[in-house]
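J.: Fold the following for me, if possible:
(chains A and B)
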There are 2 protein chains.
Amino acid sequence: MSENSCGTTVPDDLAERAAALDAADGLAALRKLFTLDDTVYLDGNSLGALPRHVPARIAEVVEREWGELRIRSWSESGWWTAPERIGDRIAPLVGAAPGRIVVGDSTSVNVFKAVVGAVRIARRGPDGDARTEVVVDARTFPTDGYIAASAARLTGCRIVPVDPADPGAVASALGPATAAVLLNQVDYRSGRLHDLPALTAAVHAVGAVAVWDLCHSAGALPVGLDAHGVDLAVGCTYKYLNGGPGAPAFLYIAERHQGVFDSPLPGWTSHTDPFAMDPAYTPAEGALRGRVGTPDILSMLTLEAALDVWDGVPIEAVRAKSLALTDFFLECVDGRLGERLGTGLGEPGCPVRSLTPAEHRHRGSQTALSCADAPVVMERLIARGVVGDLRRPDVLRFGFTPLYTSFADAERAASVLVDVLAEVLAEPLTEAASGNSGVSTEG
Amino acid sequence: MSENSCGTTVPDDLAERAAALDAADGLAALRKLFTLDDTVYLDGNSLGALPRHVPARIAEVVEREWGELRIRSWSESGWWTAPERIGDRIAPLVGAAPGRIVVGDSTSVNVFKAVVGAVRIARRGPDGDARTEVVVDARTFPTDGYIAASAARLTGCRIVPVDPADPGAVASALGPATAAVLLNQVDYRSGRLHDLPALTAAVHAVGAVAVWDLCHSAGALPVGLDAHGVDLAVGCTYKYLNGGPGAPAFLYIAERHQGVFDSPLPGWTSHTDPFAMDPAYTPAEGALRGRVGTPDILSMLTLEAALDVWDGVPIEAVRAKSLALTDFFLECVDGRLGERLGTGLGEPGCPVRSLTPAEHRHRGSQTALSCADAPVVMERLIARGVVGDLRRPDVLRFGFTPLYTSFADAERAASVLVDVLAEVLAEPLTEAASGNSGVSTEG
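T.: You can find the predicted model right below:
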């Protein structure tokens, strides 16, 4: 302990600081809602942890709703309306009013619906036929790029890549030929947060339609879809929303577009009267026209149960803790590097550098560190109970999920990381270069 | 009991006949693998019953694989390879070699992949640009028609409707402009079985690509995809395959097309090296290029477990029992009608008529009966423990799932049906017409 400038004592040891931050954390009690062990789990931005109450709910769905009620559950257990009901549960977390989100299908499939839908909306405007470009985040998680290219090909558009971290470059890429713009709110690799309000306004200024991918922001920070006038958005539910492996994604359709949203996947459950079995397609009103096939009930209802942990949790508090966690983690890495290697983070000779912006307004809820021999480093971290993930060739990703990550986790992760970095630095290169951390998951 | 023409005694009572047929049924022991009660469940063609061992497996997936191993399960628990592994489990049931089927997404999404993929394959041939027609089963379950229309719109084709029950009409509709042909092997409403080998040959004769929807045949009868040279096929896993509500569908890609299959949904998991995070899309080899987004693990592994009940069950035996069941059901309906109303099935004055062809070669695994006041009739059947479903306005569907339906079920269903028909006939029309059996599910 030491005295600060006000004369009061403050803990100067990072571990003590962590304990004090945890003691003051208003969200700390949420951790006990999850199944966790003594692992430091910093991969919730890839697969969220299991909420403790979920297994009992899944058992009920399987044994009672499927096993006993069987077909009756489509009405009696609320299966049929799950996509829009669960969408309404996600809505407040991303700043959407009820009736604007449906859940179902993978993120990739929803990107397809959204980009084709966006091109079609843009072409309804004056000079619509001249809109032949789909502008896409050049650093995007690959599936968005692949799917956008397919959507462009099928709608007679070409792809224009941009870096959303450079608003000037985005503005230069936009023009009267722009139909749709697909951007990520948070970069999956670097953790950079892009300026959704300003970029959406820039897209609208040229009469184009903005599609946002919220995979790395939904459940991590306030999004404000309605407030910022976003047109269409997609997001993942198995990262910060803890919906389970491969849980269904969601699609947001702004109210003003719901009457004209023209899905390229007009499955029967988006029909205004599905059980009429009408050979002619008439889309339902509202976000329901984003539905496609029969809802995947086991995954849907697992997600629905998982969302219970958000009851009464303001997303603003989550954001505040997220920034505090990533700040503290970087401070701990810097401090431990100084202790072990005599160099601060980013100083000359430091074996690791942060790819995640230091400024809060540019930071999502993860920290990405670049280093040599990253595969070996991540393999050893995992072996010592610190689970992040690797983005080849050289990026270590550490996701901070404020509902269950503690400041003590951040401190321990930083300490183990610096231990491993020091070890690897001391080894012959050939040995250290042999590791591989295996497969991870989307985003 | 009475003597037959050979002088031996045979049971002449239908209930006795049912008991004798059940006693001689080589598949009867499979019934105990399912969670069933005293309901006669004839809706397995909409939602298959729960195999008894599935809840324990789901609990393991959730509690151990997700809850404890978390992200490690993508490799350690075999999550990543589930789509093709489970495809290989389905393959023998539909006559496909390993490596030709992937599981994932809804039936609707797979119809989209298949129809767009089929058009693209057809256009690779000579005069490919002239192929501008997608021929579609005019009586199809609506989602196929809606999705095919979207696929046609996006690929510059027009839809040509045909009745696959009329091979001559199909042949007339086919020609040098035909790109793809989307047909159902079994009609969802009438239960009619279409001639897959002959129709596939007719499609090939004009250089077009045949896409078969197997939703009502997979798990009910031998399909012979490889043997009959089918190009592409999709199918459902929550009906006869008992995968659970909204379980993922499957996509078959014939070996000869795998190198050129060009998916309109080229999601990251169909990339040849997904974890390279390559901005350029290079499709994987084989059926894997039918994958799209991150696999929906809970539903996938539920399906995988559910498929265990098929171990050692020849699909030919399933077909033989299916035909015996529907034959016997129709015989029972006919017999009970005679007892109660003095009229045989299909005779003048009979209140019900069969839409399902009598000939085995034209019959799937369900019986569809048309009658007045069908909603009320089905509502009362369900209230008395006989669960079929309604296809508005006037069709009662009874699905026979040979793994767990008994001949006693068929007899009881027929008896209760005729009781209800007799009651409804005796009531004033206005009262009888007030019922509604509520929502059901796909197909």
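J.: Show me what from the stretch 251-400 of chain A comes close to chain B.
T.: Neighbours of chain B within the stretch 251-400 of chain A, by C-beta under 8 Å from any C-beta of the partner chain: A:263-269, A:271, A:274-279, A:281, A:292-300, A:302, A:382, A:387, A:389, A:391-392. The way it works is simple: take the backbone N, C-alpha and C, and place the C-beta from them, glycine included.
J.: In helices, which of the residues you listed fall?
T.: A:297, A:298, A:299, A:300, A:302, A:382 (DSSP state H).
J.: okay if I get those residues as TSV plus neighbour count?
T.: Formatted as TSV, these follow (neighbours: other C-beta atoms under 10 Å in any protein chain shown):
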residue	neighbour count
A:297	27
A:298	27
A:299	31
A:300	27
A:302	31
A:382	19
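J.: which secondary structure elements does the helix or strand that contains residue A:319 contact?
T.: Residue A:319 belongs to helix A:315-341 when assigned by DSSP states H and E. Secondary-structure packing of helix A:315-341 (3 or more C-beta pairs under 8 Å, 6 or more residues apart in numbering or on different chains; DSSP states H and E): helix A:14-23, strand A:352-354, strand A:366-371, helix A:407-426.
J.: Minimum distance to residue B:106: which of those has it?
T.: Comparison of the helices and strands packed on helix A:315-341 against residue B:106 by C-beta to C-beta identifies strand A:366-371 as nearest, at 31.3 Å.
J.: can you map out the helices along chain A?
T.: In chain A, the helices defined using DSSP H lie at A:14-23, A:54-60, A:73-76, A:82-90, A:107-122, A:142-155, A:167-173, A:196-205, A:297-306, A:315-341, A:374-383, A:407-426, A:429-432.
J.: who does the fifth one touch, helix- and strand-wise?
T.: When contacts are defined as 3+ C-beta pairs under 8 Å, 6+ apart, helix A:107-122 sits against helix A:142-155, strand A:178-184, strand A:209-213, strand A:232-235, strand A:250-253.
J.: Please state the offset of the first one from the chain centre?
T.: Computed by C-alpha atoms, centre = their mean, to the nearest Å, the chain-centroid distance of helix A:142-155 equals 20 Å.
J.: List the contacts of it.
T.: Helix A:142-155 has contacts (C-beta atoms under 8 Å, 6 or more residues apart in numbering or on different chains) with A:107-108, A:111-112, A:115-116, A:119-120, A:134, A:136-137, A:157-159, A:179, A:182, A:184, A:213, A:264, A:442, B:116, B:154-155, B:263-269, B:271, B:274, B:277-279, B:281, B:293.
J.: what does stretch A:315-328 give?
T.: Here stretch A:315-328 makes contact (C-beta under 8 Å, 6+ apart) with A:17-18, A:21, A:25-27, A:92-93, A:219-222, A:356, A:360, A:363, A:365-367, A:400, A:402-403, A:405, A:407, A:410-411.
J.: One more: stretch A:76-83?
T.: So stretch A:76-83 is contacted by A:61, A:65, A:69, A:73-74, A:85, A:102-104, A:269, A:288, A:291, A:295, A:297, A:300-301, A:304, B:245-246, B:439 (C-beta under 8 Å, 6+ apart).
J.: Residue ranges in chain A under the pLDDT threshold?
T.: Counting by pLDDT under 70, chain A shows low-confidence ranges at A:1-12, A:429-443.
J.: contacting residues around the closest residue to chain B within the stretch 201-350 of chain A?
T.: Proximity of the stretch 201-350 of chain A to chain B (C-beta to the nearest C-beta) peaks at residue A:293, 2.6 Å away. Applying C-beta under 8 Å, 6+ apart to residue A:293 gives the contacts A:104-105, A:267-269, B:105-109, B:143, B:246, B:249, B:442.
J.: what residue lies at the spatial centre of chain A?
T.: residue A:216 (2.0 Å; C-alpha atoms, centre = their mean).
J.: Determine the number of other residues adjacent to the residue nearest to that residue when sequence neighbours are not counted.
T.: With C-beta to C-beta, 6 or more residues apart in numbering or on different chains as the criterion, residue A:216 has its nearest non-adjacent residue at 3.7 Å, and that residue is residue A:186. Using other C-beta atoms under 10 Å in any protein chain shown, residue A:186 has 27 neighbouring residues.
J.: hang on, residue A:186 packs against residue A:196?
T.: No. Counting by C-beta atoms under 8 Å, residue A:196 is not a contact partner of residue A:186; they are 9.7 Å apart.
J.: circling back: any chance of the helices of chain A in a markdown table, plus distance to residue A:236?
T.: Shown next, in a markdown table, are those (distance: least, C-beta to C-beta, whole Å):
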| stretch | distance to residue A:236 |
| --- | --- |
| helix A:14-23 | 28 |
| helix A:54-60 | 17 |
| helix A:73-76 | 26 |
| helix A:82-90 | 11 |
| helix A:107-122 | 5 |
| helix A:142-155 | 11 |
| helix A:167-173 | 23 |
| helix A:196-205 | 16 |
| helix A:297-306 | 11 |
| helix A:315-341 | 16 |
| helix A:374-383 | 22 |
| helix A:407-426 | 22 |
| helix A:429-432 | 33 |
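J.: ranking the ones you listed by burial, who's on top?
T.: Most buried of those, by mean neighbour count (mean count of other C-beta atoms under 10 Å in any protein chain shown): helix A:107-122, with a mean of 28.
J.: in stretch A:352-361, what counts as buried?
T.: A:352, A:354, A:355, A:356, A:357 (16 or more other C-beta atoms under 10 Å in any protein chain shown).
J.: give me every residue that touches the closest residue to residue A:368 other than its chain neighbours.
T.: The shortest distance from residue A:368 to any non-neighbouring residue, by C-beta to C-beta, 6+ apart, is to residue A:355 (4.1 Å). Contacts of residue A:355 were listed using C-beta under 8 Å, 6+ apart, and they are A:189, A:190, A:191, A:192, A:368, A:369, A:370, A:395.
J.: The second one: neighbour count?
T.: What it means is residue A:190. Residue A:190: 23 surrounding residues under other C-beta under 10 Å.
J.: That one reaches residue A:356, doesn't it?
T.: Yes. Look at residue A:190 against residue A:356 with C-beta under 8 Å: they come within range, at 6.0 Å.
J.: between these two, what contacts are shared?
T.: Each of residue A:368 lies in contact with both residue A:190 and residue A:356 under the rule C-beta under 8 Å, 6+ apart.
J.: Just list the residues touching the residue in the stretch 51-200 of chain A that chain B sits nearest to, thanks.
T.: Closest residue of the stretch 51-200 of chain A to chain B, C-beta to the nearest C-beta: residue A:106 (2.6 Å). Counting by C-beta under 8 Å, 6+ apart, residue A:106 touches A:246, A:248, A:249, B:105, B:267, B:292, B:293, B:294, B:296.
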